[in-house]
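Peer 1: Take this sequence and fold it.
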Amino acid sequence: MTVDTPVRRPPGKGGGRAGLLHRVSGWSMRHAALAVALWVVALVAVTAASTLIGDSYRNDTSLPGTDSQRVTDIFREHQPQGDTASVQIVLHADGGLQPEKQRVASMLAAVGDLPHVASVADPFTAPGSLSEDGRTAYATVGLDTTVEDMTVEDVRTIIDRAQEFARPGLQVEVGGDLARTAAESEGGAAEGAGILAALVILVFLFGSLLAATLPLLTAVFAVGGTLGLLVLASHLFTVPDYTAPVMMLVGLGVGIDYALLIFSRYRHELLKDGTDRATASMVALDTAGRSVMFAGCTVVIALLGLLALGLGALQGVALGVTLTVLMTMLAAVSLLPALLTLFGKRIEKSVRKHAAKKRRTPGDGWRKLAAVVQRGPWVPLVLGTIALIALSLPALDMRLGFADAGTDDPAKTSRKAYDLLAQGFGPGFNGPLVVVSEGNAAAAQQLGQTLQADPNIAAVTPPQLTPDGKIATVLAFPKSAPQDAATSELVERLRDDTLPALEARTEANYLVGGATAAADDFASAVSNRLPIFVLVVVGLSALLLMAVFRSILIPLKAAVLNLLSIGASLGVITLVFQQGWFGAQPGPIEAFVPVMIFAIVFGLSMDYEVFLVSRIHEEWRRTKDAKEAVREGLANTGSVITAAAAIMIVVFGAFLLSPDRMLKQFGLGLATAVLLDAVLIRCIIVPAVMRLFGDRAWWLPRGLDRAVPKIALEKDYSEQR
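Peer 2: This is a model prediction of the structure:
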């Protein structure tokens with residue numbers, strides 16, 4: 001393929017500002033065909049290597065120093081043989097299970113012959129497996145492999161084989177974590193729906209399929225390459241299995257967003273009289289390209305801020321999503337310039353044709369909106385702030401935890417098994433507390449008696465000794481469900497009051513573990529370290545903004561408004577997923593979702609902040625008129641910001657189609673934050689605030705001006721008009 005227009009020189013060369021951005025983008029524009037070929041080769045090579053090697057995802061849920069982690073460590077120490085996987089077959093018959101005994105035996109025998117099935121317990125003889133009314137029972141199916149090595153297909157085979165014996169009057173369901181995973185539908189629909197919706201928006205914005213395809217193509221290359229790198233990195237680092245969908249969620253939104261910002265400035269420059277394609281590319285990369293690099297750095301800072309939390313479960317995700325953002329930045333300043341050079345002539349023709357069809361001057365609607373806001377800035381500012389605060393209030397009652405089968409779709413077999421066990425054995429049966437006693441047999445017996453006397457505990461199993469006889473374990477079944485706040489309160493009371501008093505009498509050590517206790521420990525760890533995390537992210541981002549815009553008020557405004565948009569998105573998540581609005585299954589918010597949303601949204605909010613304020617700054621430098629600068633800045637960016645936001649909203653919102661509760665929470669939270677940020681904050685509140693600031697928006701004390709390094713975000717093209 002031939003290049004339509006030769007590039008005269010790398011953007012910014014000779015101006016004293018040539019850096020990595022100029023070298024990379026300049027080389028890509030001079031060797032456009034080779035740059036695209038290298039991206040294709042790299043994508044194919046990484047994809048092939050990751051396919052051949054396969055992934056090694058591991059979920060690190062360790063929380064050093066917590067009781068739940070100590071319980072896990074004790075079991076590993078005193079039961080070193082390892083832990084194999086299992087599933088539960090739950091049976092229910094309204095007329096009682098005794099008449100179905102022969103059919104149940106046939107079913108158990110059939111399941112016992114399946115691959116990886118090591119044992120099948122008889123629910124009629126195993127202690128505690130039959131409910132008191134004789135209508136519900138469960139059979140534990142022991143497997144000969146670990147959870148990580150058990151394939152979804154083999155689990156589905158167990159589910160299908162067991163349910164073949166169901167008939168009217170006999171219900172057969174399969175529960176357990178493996179059954180939950182196997183019952184989920186295949187992914188891919190959410191990503192495909194998001195990309196298709198993004199393409200429609202881009203075609204509507206640019207009026208050309210080719211022009212609309214370039215930002216999408218750039219994002220797909222970046223995400224595809226990162227996905228392969230993530231698979232390879234999982235062999236070197238601890239990467240959770242949910243990192244890939246989260247990475248795709250962020251990568252598609254950010255990748256399209258970054259490419260769109262640069263392409264939109266390129267299109268804007270093309271429409272100026274006397275501007276050729278090479279100059280348009282140069283200006284786009286020296287302005288929007290720099291904004292993209294800066295915005296990407298703030299996203300990376302926010303994500304790496306997760307490392308300050310010291311939680312292993314989040315560090316792998318933070319590194320994976322950081323890699324995604326870096327790849328999208330690289331694609332935006334290397335692959336996109338090459339594509340613009342290769343297809344420049346056809347793009348210019350379609351851009352000019354589309355612009356000629358428009359009767360209004362570009363940005364007229366946004367100028368009118370800015371003028372309306374500026375005439376009475378206090379009204380939109382106060383009303384907008386009140387709306388954001390109102391949406392944030394539900395987040396104050398947010399309860400963190402981890403989803404279990406009780407929050408699954410009621411149609412799933414894992415949810416039906418969960419409900420049957422809760423009905424037959426009590427709501428706490430699905431989430432027993434694991435209480436460990438480090439002491440003599442008498443101390444273990446007193447532990448059991450103390451727990452049995454607790455009014456919020458329904459049943460307690462006899463103490464079970466480990467093979468070496470040093471540790472005794474008691475299972476305590478709460479009267480409340482695992483996801484209920486009452487269960488968390490029980491864990492807290494046992495740890496703070498009941499067990500310390502017992503330790504004083506017996507001189508033994510007691511620890512409370514189990515899924516509910518682990519969720520509480522994780523939530524507590526996040527809450528305790530959150531102030532440091534917020535301080536690091538907000539502080540570093542504010543310093544960067546101060547260095548770029550030479551202002552005190554701009555960073556403060558950005559920090560406050562970003563925090564409000566994040567709070568509002570968390571409030572919406574709480575209303576939907578915790579309180580069950582719009583038909584969602586009520587339950588706790590996934591413990592790591594708020595901090596991940598904070599990191600991602602805070603970084604993404606800087607995209608629009610930098611893109612809008614940099615254009616306002618550019619106009620202010622040209623005219624020294626604060627009101628006109630705001631109007632022109634909004635006029636030049638309003639359509640791009642809303643289009644970019646619309647794309648991000650549909651990409652993030654498409655993940656509401658995912659069967660995974662965590663991804664649904666991510667999708668809704670990110671989509672809500674982007675909607676509020678782009679529409680309410682950037683297009684209404686920011687113009688109002690900037691009108692009130694006036695020229696003071698660009699004030700920086702002399703002492704800080706000398707101390708803070710200067711970061712050039714855009715070259716001064718405004719003076720060349």
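Peer 1: so Val299 makes contact with Val254?
Peer 2: Yes. Counting by C-beta atoms under 8 Å, Val254 is a contact partner of Val299 at 7.0 Å. C-betas here are computed from N, CA, C, even on glycine.
Peer 1: Name the residues contacting each of the two.
Peer 2: Jointly contacting Val299 and Val254 under the rule C-beta atoms under 8 Å, 6 or more residues apart in numbering are Val325, Leu604, Asp607.
Peer 1: Are any of these buried, and if so which?
Peer 2: Val325, Leu604, Asp607 (16 or more other C-beta atoms under 10 Å).
Peer 1: Rebuild the residues you listed as CSV, extending it with pLDDT.
Peer 2: Formatted as CSV, these follow (pLDDT from 0 to 100):
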residue, pLDDT
Val325, 89
Leu604, 76
Asp607, 73
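Peer 1: Which ones among these lie within helices?
Peer 2: Val325, Leu604, Asp607 (DSSP state H).
Peer 1: Please report how far the second one lies from Ala332.
Peer 2: What that stands for is Leu604. 14 Å (C-beta to C-beta, to the nearest Å).
Peer 1: Over to Phe598?
Peer 2: For Phe598, the distance to Ala332 - C-beta to C-beta - is 24 Å.
Peer 1: okay, the two: which has more neighbours?
Peer 2: Set Phe598 next to Ala332 and count neighbours by other C-beta atoms under 10 Å: Ala332 wins out with 31 against 26.
Peer 1: Quick one: mean pLDDT over the host helix or strand of Asn528.
Peer 2: Using DSSP states H and E, Asn528 maps to helix 515-549. For helix 515-549, mean pLDDT rounds to 83.
Peer 1: by contact count, what packs against it?
Peer 2: helix 67-78, helix 290-304, strand 400-401, strand 433-438, helix 485-493, helix 553-573, helix 593-623 (3 or more C-beta pairs under 8 Å, 6 or more residues apart in numbering; DSSP states H and E).
Peer 1: roughly how far out does the third one sit from the chain middle?
Peer 2: Going back to what we said before, that points to strand 400-401. Computed by C-alpha atoms, centre = their mean, to the nearest Å, the separation of strand 400-401 from the middle of its chain amounts to 15 Å.
Peer 1: what's Val686 in contact with, if anything?
Peer 2: Taking C-beta under 8 Å, 6+ apart as the contact definition, Val686 lies against Lys557, Leu561, Glu609, Leu612, Val613.
Peer 1: quick one: least confident of the residues you listed?
Peer 2: Here the lowest pLDDT out of the contacts of Val686 sits on Glu609, with 81.
Peer 1: Just give me the neighbour total for the residue lying closest to that residue once chain neighbours are set aside.
Peer 2: Closest residue in space to Glu609, ignoring its immediate chain neighbours: Ala558 at 5.0 Å, by C-beta to C-beta, 6 or more residues apart in numbering. Ala558: 25 surrounding residues under other C-beta under 10 Å.
Peer 1: ditto for Pro659
Peer 2: 17.
Peer 1: One more: Leu668?
Peer 2: 22.
Peer 1: Isn't it up against Leu656?
Peer 2: Yes. Applying C-beta under 8 Å as the test, Leu668 and Leu656 come out as touching, 6.1 Å apart.
Peer 1: hang on, the earlier thing: looking at the shared contacts of Val299 and Val254, which is nearest Ala182?
Peer 2: Nearest to Ala182 among the shared contacts of Val299 and Val254: Val325, at 32.7 Å, using C-beta to C-beta.
Peer 1: what residues are up against the nearest residue to the closest one once chain neighbours are set aside?
Peer 2: In space, Val325 comes closest to Val299 once its chain neighbours are excluded; the distance is 4.9 Å by C-beta to C-beta, 6+ apart. Residues near Val299 by C-beta under 8 Å, 6+ apart: Val254, Val325, Ile600, Gly603, Leu604, Met606, Asp607.
Peer 1: mind checking how far Val299 is from Gly365?
Peer 2: 30 Å.
Peer 1: One more: Glu503?
Peer 2: 70 Å.
Peer 1: what's the answer for Gln374, then?
Peer 2: Per C-beta to C-beta, Gln374 is found 15 Å from Gly365.
Peer 1: Those two: which is more packed in?
Peer 2: Between Gln374 and Gly365, counted using other C-beta under 10 Å, Gln374 has the larger neighbour count: 20 against 14.
Peer 1: Only alpha carbons, please: show the host helix or strand of that one as PDB.
Peer 2: Assigned by DSSP H and E, Gln374 falls within helix 364-375. In PDB, the C-alpha atoms belonging to helix 364-375 read as follows (Å, rounded to 0.1, in the frame of the first residue of the first chain):
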ATOM      1  CA  ASP A 364     -22.700  26.400  17.700                       C
ATOM      2  CA  GLY A 365     -24.900  24.300  20.100                       C
ATOM      3  CA  TRP A 366     -22.100  24.000  22.600                       C
ATOM      4  CA  ARG A 367     -21.400  27.800  22.400                       C
ATOM      5  CA  LYS A 368     -25.000  28.500  23.200                       C
ATOM      6  CA  LEU A 369     -25.000  26.000  26.100                       C
ATOM      7  CA  ALA A 370     -21.800  27.700  27.500                       C
ATOM      8  CA  ALA A 371     -23.400  31.100  27.200                       C
ATOM      9  CA  VAL A 372     -26.500  30.000  29.100                       C
ATOM     10  CA  VAL A 373     -24.400  28.500  31.900                       C
ATOM     11  CA  GLN A 374     -22.200  31.600  32.100                       C
ATOM     12  CA  ARG A 375     -25.200  33.900  32.400                       C
END
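Peer 1: Can you point out the buried residues in the very next helix or strand once past it?
Peer 2: For helix 364-375, the following helix or strand on the C-terminal side (DSSP H and E) is helix 378-392. By neighbour count with 16+ other C-beta under 10 Å, helix 378-392 contains the buried residues Pro380, Leu381, Gly384, Thr385, Leu388, Leu391, Ser392.
Peer 1: what does stretch 203-223 give?
Peer 2: So for stretch 203-223, counting by 16+ other C-beta under 10 Å, buried means 205-208, 211-223.
Peer 1: what does stretch 451-461 give?
Peer 2: Leu451, Asp454, Ile457, Ala458, Ala459, Val460, Thr461.
Peer 1: Since that was my last question, I'll sign off now.
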